[in-house]
Each structure stands twice: as structure tokens, then as C-alpha cells.
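[1] 3D, please:
(one chain, ligands or ions: 2)
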Amino acid sequence: MEYDHILIRYGEIALKGKNRRVFEDRLRRNMLPILKQFPKVELKRVYNQMYVVLNGEQYEPIIEKLKLVFGIQSMSVALRAENDVESIQKVALSALTMARKGSNQAVTFKVSARRKDKTFPTDSQQLNQLLGAHLLQNSENLSVDVHHPDIEVRVEVKSDGTYISSLQINGAGGLPVGSSGKVMLMLSGGIDSPVAGYLAMKRGVTLEAIHFHSPPYTSERAKQKVEDLTEVLAAHGGNIRLHIVPFTVIQQEIKKHVPDEYSMTIMRRMMLRIAEKIAKQRKALAIVTGESLGQVASQTVESMHTINAVTNVPILRPLISMDKLEIVDIAKQISTYDISIRPYEDCCTIFLPAHPKTKPKLDRAIAFEQSLDVDELIHDAVEQTEMLTFSAQTSKAHYEELF
Ligand code: ATP
Ligand code: MG
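    Ligands and ions are numbered 1, 2, ... in the order given. From the prediction side, this is the model:
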């Protein structure tokens, strides 16, 4: 026998009461382009349950993609049986055998039956007993353990058939991308900002990303790195637009006119002004950064205060309280780490002064900016911004250690 269905469980979405349908539709829309890569499969929805019907496709590559999609709590790979006890027993035995992968080693198991279709004459408790007995009679080296079984055979009797699963896989959790409005991620190519983008997406936002680059001081490869990071993030559902902003002229002007110790502060203020402008054009309601308190000179509260003063748009900082090691762990898990550590310089590292001010004063920053034509510099940078789009359908992203 081959697995023929993947049951999709939502968890948090189910808690959303009247919004449930909206969230479900959004999840469905995020899953469809991914499933398109597997031409035989269908996505079905029967009474509050979504299934992927495999129609002969292998389940592993599909699970690998769906594991990334936010809004899916868990998935069960299942076999379908007709709604009669004999068929259910037969298929349950197959599910158990498949979970044992042909091995005869001693294992413990339990059956968890749920009768969702109340017209089915055998209730859940009776089913547990009938199926448990059948499995014990027809297998070797098998015993029951209701608390910590090696294998749980889950049985759900529904009006359209009985679904039997012995293989459960955790999903990415969170909310489906597109269910919480749009935000603009400042994406640097470092380790932190992709993780910040990932965590924001997990709460259901649609992400757009903005990257500042400074050719010829930064290379094409540095830009490629950011494109690759965006592609990895896009695998979690929904398209991501990446805005690439030319930043060379602004950095040269800052270098020329601003004292070294304030150059980093002014550079960040310019970045934030541009991010705000593009966010407004694209109707994004917040800006996300990879800042974490105390990590580097620009990330003290004094510094954040002076930089933040250029905008009223909310700035979300999902990593604010995290240690670097915690951030690195997530980066590894979501496959952005290896891309982030590629050795190409980004614009900030190249122009970074030897001793940036760790407690820059707002009035001094404003005073130094008098020697720059702030409006024109911003206008020109926004004008020359290019936009690229990445989709889940084309993303080659995957999680480490899937099974
Ligand atoms: P990251 O690992 O994300 O690069 P970082 O630890 O290097 O962060 P900073 O250099 O202080 O920290 O940058 C703080 C935040 O500013 C970044 O997380 C990112 O959101 C934004 N940022 C920095 N450089 C750029 C850039 N070139 N383009 C877009 N955003 C940037
Ligand atoms: Mg960085």
C-alpha cells in the first residue's frame, strides 16, 4: 500500500472563530502554487479539513515544501479506508506495517480513533478496542503503551471516508502569510535580518524587502546573496518583492561632509527615510529590522532613539531580546545561515568608521545633516530603485534535518 493523503492541521487558525474561513482561504492560496509543482495532486477541503490527495505522487517532497508554509501546525500522512470496520482494520494494519518499515523489532503502539461522523455505528472507544485487538493478533513483537507509544495509529472516521495515519510531521506553525497586513523588511545580507523577516512572516505578514547596496564598493555577489536570502524566505508562502536601492552616492556624501563618529548614525537615518518612503509607496504599514539590543554600536537605545527619530512608521524588531547564538540557531534551522556567512562585504561594513559613536545625540545628528541635501539624495535613490519578485513556487528552500 502507498500513502494516499496528507491531512493538514491548522492549530492557531482554528482559534480565530469567525475569521477561520478567511485564514483557511489564505492558507489554501499560499499552498496552491507550491502544490502546482506536483501535477497529480489535488487540494481538497471537506468539512473544515484540508487534504492533499496524492493521486500517486510521493509524499516526501511535498511534505518537505509544506513544512515551510506558515499556518500549518502539523500534517498526517494517511491511508484512506471505506467506512466499515473490516476495511478500517485492514488499512490500519497496513499503516502500522508501513510505520515499522518492514522491521520485526519489538515496538509499542496505541490506536487513537475519533468518530467524527456520528452516523457511523461503532463509537470511538469500541473502535480503539477492535482495531487494537486486530493489530495485536496480526503482528509480531507488538505491545500496547497508551502513554508513550513508539507508534500512534490515528484513525478519523469522517463522512467521506476513514483516514488512518501512523506518520505525523510538525508544520512551521504561525499564521498564513498574507493574513496580517504588509511590512517592509530591511534586509542586509547579514545573519540577523533574514531571521527577523522569518519571524515577522510567521505572524502572518506579507513581506517586502529593501536592500541598500553601494556598487562598486559592494559586488554583484553581495546583491546575489540578498536575492538568495529573499528566495529562501519566499518558501514560507506568498511572493516577496525585493527593492534594491543604490546607496553609493549617499555614502560618499556622508563620508565627505559628516565627521566619522557620526557617519554610521547619519547613514542609518538616511536608510530609514528611504525605507519609509518605499514602505508608503508600497502600502506597507511597518518596517522590520534585525536589530538586537546591545549587539553593536548602532544598537544601543540611545542610537535607536536618534536613528528612529526620522520616522513615525512603527519599527518592528523581532530579535530585540535575543542573544547572537539564539539568532544563529534559527538562521541554521531556516537555511539562511550558509548564505549569510558568504564573505561578500555589504555597504555598511565598507564605510563603517573605526569608532562609531555609541550614544549619538539627536541634535548633533540633525546639525550634521545640514551639510547634506537630504531630500534630493533620497529622491534620487528612490527613483533608481529596482524591484525583483520571488515566489514560493520557484524557491529551492528547505529545512535542515527534515525527517
Ligand atoms: P544583520 O545581521 O541583519 O546585517 P547586523 O547585526 O549586521 O544585522 P547592523 O549592521 O547594525 O546589524 O544592522 C542593523 C539592521 O539594519 C539590520 O538587521 C538590517 O535590518 C538593517 N540593515 C543594515 N544594513 C542594511 C542594508 N545594506 N540594507 C538593508 N538593511 C540593512
Ligand atoms: Mg549586517
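
[2] contacting residues for the closest residue to Leu35 other than its chain neighbours?
    Excluding its sequence neighbours, the residue lying closest to Leu35 (C-beta to C-beta, 6 or more residues apart in numbering) is Val41, at 5.4 Å. (Glycine included, C-beta is placed from N, CA and C.) For Val41, the set of contacting residues under the criterion of C-beta atoms under 8 Å, 6 or more residues apart in numbering consists of 35, 52-55, 57, 62.

[3] top of the residues you listed by neighbour count?
    In terms of neighbours by other C-beta atoms under 10 Å, these top out with Val52 at 25 neighbours.

[4] so that one sits right up against Arg28, yeah?
    No. Shown here, Val52 and Arg28 do not form a contact pair, counting by C-beta atoms under 8 Å, at 11.0 Å.

[5] mutual contacts of the two, please.
    Common neighbours of Val52 and Arg28, counting by C-beta under 8 Å, 6+ apart, are Leu43.

[6] tell me the buried residues in the longest helix along the chain?
    Of all the segments of type helix in the chain, defined by DSSP state H, the longest one is helix 260-281. Buried residues in helix 260-281, counting neighbours by 16 or more other C-beta atoms under 10 Å, are found at 261-279.

[7] where does the stretch 1-150 of the chain get nearest to ligand 2, residue-wise?
    Closest approach between the stretch 1-150 of the chain and ligand 2, counting by C-beta to the ion: Leu68, at 24.4 Å.

[8] just to revisit the earlier point, restricted to helices, list the contacts of Val41.
    By the criterion of DSSP H, membership of those in helices covers 35, 62.

[9] ranges for the strands of this protein?
    With DSSP state E applied, the chain shows strands at 5-9, 42-46, 49-53, 74-81, 107-115, 142-144, 151-158, 161-170, 182-186, 206-213, 240-246, 286-288, 315-316, 386-390, listed in chain order.

[10] Ile278 reaches His243, doesn't it?
    Yes. Contact status for Ile278 versus His243: in contact at 5.5 Å, counting by C-beta under 8 Å.

[11] now for those two: what residues contact both?
    Contact criterion C-beta under 8 Å, 6+ apart; residues shared by Ile278 and His243: 210, 385.

[12] how deep is the closest residue to ligand 1 within the stretch 1-150 of the chain tucked in, by neighbour count?
    When scored by C-beta to the nearest ligand atom, the stretch 1-150 of the chain has Phe70 as its residue closest to ligand 1, at 20.3 Å. Taking other C-beta under 10 Å as the neighbour definition, Phe70 ends up with a count of 25.

[13] quick check: Lys182 vs ligand 2, distance?
    24 Å (C-beta to the ion, to the nearest Å).

[14] tell me which parts of the stretch 151-300 of the chain are close to ligand 1?
    Contacts of the stretch 151-300 of the chain with ligand 1, taken as C-beta under 6 Å from any ligand atom, map to 186-188, 190-193, 210-212, 289-291, 295-296, 298-299.

[15] of the residues you listed, which belong to helices?
    With helices taken from DSSP H, the overlap with those comprises 192-193.

[16] which pLDDT does the model give the residue nearest to the spatial centre of the chain?
    The central residue of the chain, meaning the one whose C-alpha is nearest the mean C-alpha position (C-alpha atoms, centre = their mean), is His236 at 4.2 Å. Residue-level confidence at His236 comes out at 83, pLDDT.

[17] for Lys90, what are its contacts?
    If you count contacts by C-beta under 8 Å, 6+ apart, Lys90 has them with Ala81.

[18] how many other residues sit next to Leu32?
    When neighbours are defined as other C-beta under 10 Å, Leu32 has 12 of them.

[19] find the residue closest to it in space, skipping its chain neighbours.
    Of all residues apart from its sequence neighbours, Leu43 sits closest to Leu32 (C-beta to C-beta, 6+ apart), at 6.4 Å.

[20] that neighbour contacts Met31, correct?
    Yes. Distance between Leu43 and Met31: 6.1 Å, which falls inside the contact criterion (C-beta under 8 Å).

[21] more crowded one of those two?
    More crowded of Leu43 and Met31, by other C-beta under 10 Å: Met31, with 22 against 15.

[22] mind listing what the more buried one touches?
    Met31 makes contact with 8, 43, 50, 66, 69, 237 under the criterion C-beta under 8 Å, 6+ apart.

[23] same thing but 10 Å
    If you count contacts by C-beta atoms under 10 Å, 6 or more residues apart in numbering, Met31 has them with 8, 43, 50, 52, 65-66, 69, 71-72, 176, 237, 392.

[24] burial measure for the residue of the stretch 251-400 of the chain found nearest ligand 1, as a count.
    With distances taken as C-beta to the nearest ligand atom, the stretch 251-400 of the chain approaches ligand 1 most closely at Gly290, which sits 2.6 Å away. By the other C-beta under 10 Å criterion, the neighbourhood of Gly290 contains 25 residues.
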